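Colleague: mind looking at a prediction? Sequence and model below.
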Amino acid sequence: MIIKITDRLHYWGQLLLLPVYWLSFLVPRDKKIWLFGSTFGRRFADNPRYLYLYVSQHRDELGIRPIWISHNEDVVKMLNAEGYEAYMYHSLKGIWFALRGKLYLYDNYSKDINFWQSGGALKINLWHGIPLKKIQHDNVFDKFRHPKNFWGKIKNFPRNISDEKPSHYVLTTSENLRYIFSSAFKTENILIAGYPRNQVLISDDIKNIYLDEENRDRKKIISFLKKKINGGNKKMIFYMPTFRESETLFFQNFDRDDFQKFLEENNLLFCIKLHPKSKLNEEFRNIQSENIMVINKDADPYVFLKMADVLITDYSSIYFDYLLLDRPIIFFAYDLEEYLNDSREMYFDYDEFTPGEKVNDYHELKKSILRCVNLDNENRDEYSDFRKKIREKVFEYDNLKTCLASIEMISYAKKN
């Protein structure tokens, strides 16, 4: 009860910061200062992470001063220790640069950096995925954007002032997706340039740096994959489910001991990376074993994605990016009917836009994993052409140069 009261006071109390927001329009902004942040200031992740690293590693030739603003002290300490510029959002320097930076680059809302000091800044939403499921204003199940009554509208008032204040531009990866992003974000200002996170997925052009937990989990995976048993290579299976209420159905008919034996016999490591909003972190940690590993849900998945031999997901946009690696994907859609009825509608027909085998229960999942890890000349990958077809629809730019293309699009937005 005390936590709920405190949260409510904080939620409504933010209205007291409105004068700060208005006054921030008066502060002159430096076009060379680009501010970055991610996931409400908590994480060092996604498109902002990789564009920030790219710009930082080419700052002299680009003439840009990139600064990461965070609510997470571990992130700031890690970046500073590696020689990058980063500040806590409530520090004096964090406040100063939030007022002085001309560009805000983030993947959710401008409060990923600092909304209340963002007046006069150019706000560019790099976003965090190609949508299969409907997002933002297109999602009719979203109670914040589609309140059911007058009281719902009243409750949303503070959020509509800050979180929902529209970005000036939104980034996506193809002209084929422009209409979706335009509808979802209610804007015509869509930038087409590809996602910076995909450059690190398919090349080594960007030197990545890791938080302690990311580095620990990464080393565990590398160590597992290097070991050989009976002359055979070990493989990693990466499971990344979408957050929704019906995710608990995963555990129906699931047998941890049987699954551990299955993985051990087939030299497999099953890595689980939950959505940051998932409430099942403890449940999944309880099934950890020698061959089952849970990666911290706030870690950046692109640290691990290129290590995966097979991706298992359901409705997550992660599979679009994994198409760039042209490796097998399993769609474990055990709750498709519940999901469509209670959680999200989709932009595309599910079967026509998901290039991989669909499975509905635990036993089907095991069989599908075996088929995918044993693909060779005799066991042909029947979904390869399907993956190529979808890949060409959703990616327009050379993904080896997405950071440079994004910078060019952002520079175009600055001039307009």
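Modeller: Great, that's in hand. This one's a predicted model, so the numbers in the text were calculated from it and none came from an experiment. Numbering: from 1, shown residues only.

Colleague: roughly how far apart are the residue nearest the centre of the chain and Y50?
Modeller: The geometric centre of the chain, computed from its C-alpha atoms, lies nearest to H128 (Cα atoms, centre = their mean), at 4.5 Å. Distance of H128 to Y50, given as Cβ to Cβ, to the nearest Å: 12 Å. Bear in mind the C-beta positions are built from the backbone N, C-alpha and C, glycine included.

Colleague: one more: R8?
Modeller: 36 Å.

Colleague: so for the two, which residue has more residues nearby?
Modeller: Neighbours were counted for R8 and for Y50 using other Cβ atoms under 10 Å; Y50 has more, 25 against 11.

Colleague: tell me the contacts of the more buried one?
Modeller: Shown in contact with Y50 (Cβ atoms under 8 Å, 6 or more residues apart in numbering): 196-197, 199-200, 206, 302, 403.

Colleague: nearest to R344, of those residues?
Modeller: Set against R344, the nearest of the contacts of Y50 by Cβ to Cβ is R197 (22.4 Å).

Colleague: what is the burial count for that closest one?
Modeller: 27.

Colleague: go on, D163?
Modeller: So D163, with other Cβ under 10 Å, has 16 neighbours.

Colleague: secondary structure class for it?
Modeller: Here D163 is recorded as coil under DSSP: H, G, I helix; E, B strand; the rest coil.

Colleague: K31 too?
Modeller: strand.

Colleague: just checking, it touches K414?
Modeller: Yes - with contacts counted by Cβ atoms under 8 Å, K31 reaches K414, the gap being 6.7 Å.

Colleague: got any residues that touch both of those two?
Modeller: Here K31 and K414 have 102-103 as joint contacts, going by Cβ under 8 Å, 6+ apart.

Colleague: on that earlier part again, any idea how far the residue nearest to the centre of the chain is from N233?
Modeller: H128 is 32 Å from N233, by Cβ to Cβ.

Colleague: what does P355 give?
Modeller: 25 Å.

Colleague: looking at the two, which has the bigger crowd around it?
Modeller: Comparing P355 with N233 by other Cβ under 10 Å, the one with more neighbours is P355, at 20 against 12.

Colleague: now that one: how far from I390?
Modeller: In terms of Cβ to Cβ, P355 sits 5 Å off from I390.

Colleague: which residues do these two both contact?
Modeller: L323.

Colleague: tell me the SS of P28?
Modeller: Applying three-state DSSP: P28 is coil.

Colleague: OK, contacts around the residue nearest to the centre of the chain?
Modeller: H128 makes contacts with 46-47, 107-108, 317, as judged by Cβ under 8 Å, 6+ apart.

Colleague: out of those residues, who's the most crowded?
Modeller: So for the contacts of H128 (other Cβ under 10 Å), the most neighbours sit at N47, 27 neighbours.

Colleague: wait, isn't that residue in contact with R197?
Modeller: Yes - N47 lies in contact with R197 (Cβ under 8 Å); the separation is 5.2 Å.

Colleague: show me the strands in the stretch 151-300 of the chain, by range?
Modeller: Secondary structure of the stretch 151-300 of the chain (DSSP state E, counting those that start in this stretch): strands located at 169-172, 190-192, 228-229, 232-233, 235-239, 268-273, 292-295.
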